[in-house]
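In: next input, structure requested:
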Amino acid sequence: MPLTRGRIGGYDSERMAFGFTMLDDGQTVECQISDAAMDELADTKGTPSIARQAQFLTLRDSIERIASDLYDSGSMVKGGTIRIFTKHIRKPKS
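Out: Below you'll find the model as predicted:
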């Protein structure tokens with residue numbers, strides 16, 4: 001079952017990741033996407049941390065789809081955080 005949209009958590013400069021939540025039948029699922037993964041998804045590099053929230057909002061549908069797919073794959077530990085890295089970003093073949 002796909003996850004549904006939760007809330008925006010914000011940028012974590014220590015982890016260099018942007019946090020957000022998704023919902024599974026009302027249960028909150030913590031999620032993060034790394035700076036590198038967001039830049040890969042946006043096909044850019046070196047986005048300043050101050051611009052991460054705007055970048056997240058632009059890419060939100062794609063990011064949440066990836067998080068939901070990872071959750072549905074069953075590879076996540078129950079109660080754990082879904083972490084999206086560059087290896088999870090599928091680029092279209094040219």
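In: and the spatially most central residue of the chain, what pLDDT?
Out: A centroid search over the chain (CA atoms, centre = their mean) returns residue 33, at 3.8 Å, as the residue closest to the centre. Model confidence at residue 33, given as pLDDT, is 98.
In: ok, now residue 1?
Out: At residue 1, pLDDT is 64.
In: what do you get for the one 10 residues further on?
Out: For residue 11, the pLDDT comes out at 95.
In: tally of neighbours for the closest residue to the residue nearest to the centre of the chain other than its chain neighbours?
Out: Leaving aside its sequence neighbours, residue 33 sits nearest to residue 84 (CB to CB, 6 or more residues apart in numbering; 4.1 Å). The way it works is simple: take the backbone N, C-alpha and C, and place the C-beta from them, glycine included. Using other CB atoms under 10 Å, residue 84 is surrounded by 24 other residues.
In: one step back: from residue 23, how far off is the residue nearest to the centre of the chain?
Out: Per CB to CB, to the nearest Å, residue 33 is found 17 Å from residue 23.
In: cool, and residue 71?
Out: With CB to CB as the criterion, residue 71 and residue 23 are 11 Å apart.
In: who has more neighbours out of these two?
Out: Using other CB under 10 Å, the more surrounded residue of residue 71 and residue 23 is residue 71, with 18 against 13.
In: that one and residue 27 touch, don't they?
Out: No - the criterion here is CB atoms under 8 Å, and residue 71 misses it with residue 27 at 11.0 Å.
In: surely residue 63 meets residue 83?
Out: No - the pair residue 63 and residue 83 fails to qualify as a contact (CB under 8 Å) at a distance of 11.9 Å.
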